[in-house]
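In: Mind looking at a prediction? Sequence and model below.
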Amino acid sequence: MLFYSTEHISIIAADKFLKAENKLWSVLGMIKDEIKIKSEQGEIFDKKQIALAIKNSTFNDELRCSLLDDGILDKCVGCSLKYICDGIDQVVDDYVDKTTEVINNFSFE
């Protein structure tokens with residue numbers, strides 16, 4: 001007999017939902033891996049793609065800084081993007097808090 005925690009079930013359900021959602025967008029031909037949209041005014045950033053990137057990072061992906069990964073910076077202190085990165089981290093935390101609900105607690109004792 002297999003036992004799954006509610007957290008594990010939530011992750012499985014969220015992953016299945018995300019895959020179904022992405023498949024739907026693909027079928028409709030609306031999802032693109034581009035963060036910019038071309039318009040008559042020039043190129044603009046697509047908030048939907050930014051929001052999806054942040055949302056997807058809460059499931060099986062993660063957010064990282066290429067400046068740190070590539071060794072350009074060794075820490076965030078003094079980086080001009082730190083304020084924005086801290087805000088993104090807060091958005092991720094808020095999203096997880098607002099979309100994660102414990103349905104039931106149980107014990108195996």
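Out: Happy to help now that I have it.
In: how about low-confidence regions in this structure?
Out: 1-33 (pLDDT under 70).
In: At which residues are the strands of it located?
Out: 36-39, 42-45 (DSSP state E).
In: I'd like these as JSON lines, with mean neighbour count and distance to residue 85 appended.
Out: For the C-beta atoms, the positions are set from N, CA and C on the backbone; glycine is no exception. Shown next, in JSON lines, are those (neighbours: other C-beta atoms under 10 Å; distance: least, C-beta to C-beta, whole Å):
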{"stretch": "strand 36-39", "mean neighbour count": "11", "distance to residue 85": "20"}
{"stretch": "strand 42-45", "mean neighbour count": "10", "distance to residue 85": "16"}
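In: Tabulate those in JSON lines, adding columns for distance to residue 51.
Out: Compiled in JSON lines, the strands of the chain are given as follows (distance: least, C-beta to C-beta, whole Å):
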{"stretch": "strand 36-39", "distance to residue 51": "14"}
{"stretch": "strand 42-45", "distance to residue 51": "11"}
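In: out of the ones you listed, nearest to residue 102?
Out: If you check each of these against residue 102 by C-beta to C-beta, strand 42-45 wins as the nearest, at 35.4 Å.
In: Parallel or antiparallel, which strands does that closest one pair with?
Out: Paired with strand 42-45 in the same sheet, following DSSP bridges, are strand 36-39 (antiparallel).
In: In this protein, mark out all the helices, start to finish.
Out: 6-28, 47-57, 66-69, 82-99 (DSSP state H).
In: who's in contact with the third one?
Out: Which is helix 66-69. 72, 73, 74, 75, 76, 79, 81 (C-beta atoms under 8 Å, 6 or more residues apart in numbering).
In: Which pair of the residues you listed spans the longest distance?
Out: Maximum distance among these (C-beta to C-beta): 14.7 Å, for 74 and 81.
In: And those two? Which one has more around it.
Out: The residue with more neighbours, out of residue 74 and residue 81, is residue 81; 12 against 8, by other C-beta atoms under 10 Å.
In: which residues does that one contact?
Out: 65, 67.
In: For it, grab phi and psi.
Out: phi -100, psi 0 (degrees, to the nearest 10).
In: Could you report the distance from it to residue 48?
Out: 22 Å (C-beta to C-beta, to the nearest Å).
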